[in-house]
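> Just a sequence and a predicted model for now, questions to come.
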Amino acid sequence: MDTLHSMRVFVRVIDTGSFTAAAQALDLSTAQVSRLVSELEQQLEARLLHRTTRRLALTEVGEHYLQRCREILDQVDEAAAQARGAHLKPSGRLRVHCMIGLGLQHLTPLIARFHERYPEVVVDLTLSQRDPDLIEDGYDVVIAFARELPDSQMVAQLLGPMYSVVCAAPDYLRQFGVPQTPADLQQHRYLRLVDLLYPDSWLVSDEHGDYDALPQECFQVNIAESLIRVAQAGMGFCLLPSFVAAPPLRDGSLLRVLPEYRLRERNIYAVYPSRRFLDAKIKSWVDFLKAELPPLFTEDERATEDARHWADAKALLRIKQR
């Protein structure tokens with residue numbers, strides 16, 4: 001028995017004054033209307049109506065129940081209207097998860113611009129170095145890093161590529177030299193970024209294929225921004241995601257080593273549960289990221305590929321000799 005439907009029928013019977021009029025208004029038969037009201041009374045174990053051949057009259061219980069039915073049905077209709085409108089106007093709380101590096105470098109600065117455009121959306125951003133469960137953890141959108149599309153049960157919109165590059169401070173390279181091959185890195189001090197997304201390996205790719213060039217570490221930390229500070233102090237070389245490496249490469253506090261190599265290449269996706277009845281706040285956020293992030297990723301790539309930001313052994317040697 002559909003209790004809400006029976007409640008609606010009961011209210012319509014009272015409003016129209018008869019089973020027949022209610023049946024016509026609801027596109028039901030008079031017998032169906034009568035049966036639904038009777039089943040409602042049986043479920044409640046209470047008489048709601050006095051029935052005569054001439055008129056209907058509410059019992060005392062029926063009067064109280066009618067009032068509560070109207071309140072409940074109004075709330076249900078209001079909730080349904082809000083839900084139907086959710087795909088039309090961005091509003092409400094938007095729960096987003098992102099890895100710390102990308103979140104600090106690009107996502108956080110964009111949120112103010114997003115809020116200006118959609119002031120009724122409250123962005124609840126979580127930054128952490130873990131791979132969350134979209135459904136179990138209750139997120140609306142997860143910014144995911146993957147070689148291929150994530151779980152096909154979810155919707156994944158491509159935002160752009162990312163990769164990692166080898167970097168070191170100019171002072172470190174002047175003192176210890178510039179590695180010319182991945183194998184040379186094993187003679188240097190390695191500052192490790194602990195990242196659950198990647199195994200402890202340096203799978204290097206070039207025209208000859210893939211091979212592992214895992215160096216010996218002397219320091220590790222789980223936040224890329226902390227790793228940058230240690231690298232800038234000249235403690236060793238490090239492997240940084242392209243979007244994290246771009247600022248220190250631009251300002252010259254770090255230089256890229258082995259510029260012909262890219263490691264840990266991944267795609268960045270905005271992942272959300274379903275396209276069906278997509279909430280407007282989710283759609284507006286994903287569309288916003290698809291428009292705003294690619295140009296930022298392009299600028300990051302320019303910084304990592306710009307020869308001015310590479311370690312030049314001869315230039316560093318000349319500086320050292322001065």
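Now that the structure is in, tell me what you want to look at.
> remind me which residues of the chain are low pLDDT?
1, 53, 81-88, 150-152, 196-215, 275-277, 313-322 (pLDDT under 70).
> Quick check: longest strand in the chain by residues?
As assigned by DSSP state E, the longest strand anywhere in the chain is strand 155-168.
> Tell me which helix or strand comes right after that one.
Per DSSP states H and E, the first helix or strand lying C-terminal to strand 155-168 is helix 170-176.
> residues of the helix or strand in which Pro295 is found that come out buried?
In this structure, Pro295 sits in helix 280-305 according to DSSP H and E. For helix 280-305, the neighbour count (16 or more other CB atoms under 10 Å) marks 280-282, 284-286, 288-289, 292-293, 296-297, 300-301, 303-304 as buried. C-beta here means a position set from N, CA and C on the backbone, and glycine is covered the same way.
> Closest one of the residues you listed to Met235?
Thr304 (21.3 Å; CB to CB).
> Can you give the domain ranges for this structure?
Taking automatic domain parsing as the criterion, the chain consists of the domains 3-85, 92-160+267-297, 162-265+301-321.
> Could you find the closest non-adjacent residue to Glu301?
Ser242 (6.4 Å; CB to CB, 6 or more residues apart in numbering).
> wait, what's in contact with that neighbour?
162-165, 297, 300-301, 304 (CB atoms under 8 Å, 6 or more residues apart in numbering).
> could these go into TSV alongside distance to Gln24?
Formatted as TSV, the contacts of Ser242 follow (distance: CB to CB, whole Å):
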residue	distance to Gln24
Met162	64
Tyr163	68
Ser164	71
Val165	74
Phe297	62
Asp300	67
Glu301	68
Thr304	72
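> Report the angle between the longest strand of the chain and helix 280-305.
For strand 155-168 against helix 280-305, the angle by axes from the mean of the first three to the mean of the last three CA atoms, to 10 degrees is 30 degrees.
> Remind me what strand 155-168 packs against, helices and strands.
Packing partners of strand 155-168 (3 or more CB pairs under 8 Å, 6 or more residues apart in numbering; DSSP states H and E): strand 141-146, strand 237-241, helix 242-251, strand 255-257, strand 263-272, helix 280-305.
> distance between it and the chain's centre?
In terms of CA atoms, centre = their mean, to the nearest Å, the centre of strand 155-168 is set 16 Å apart from its chain centre.
> With stretch 216-225 instead?
26 Å.
> Over to stretch 292-299?
18 Å.
> Contacts made by it with the rest, please.
Contacts of stretch 292-299 (CB under 8 Å, 6+ apart): 106, 110, 113, 159-162, 242-243, 246, 268.
> could you flag which of those residues are buried?
Counted by 16+ other CB under 10 Å, the contacts of stretch 292-299 give 106, 110, 159-160, 162, 242-243, 246, 268 as buried.
> Looking at those, spot the one nearest Ala146.
Out of those, the member with the shortest distance to Ala146 (by CB to CB) is Ile268, at 8.5 Å.
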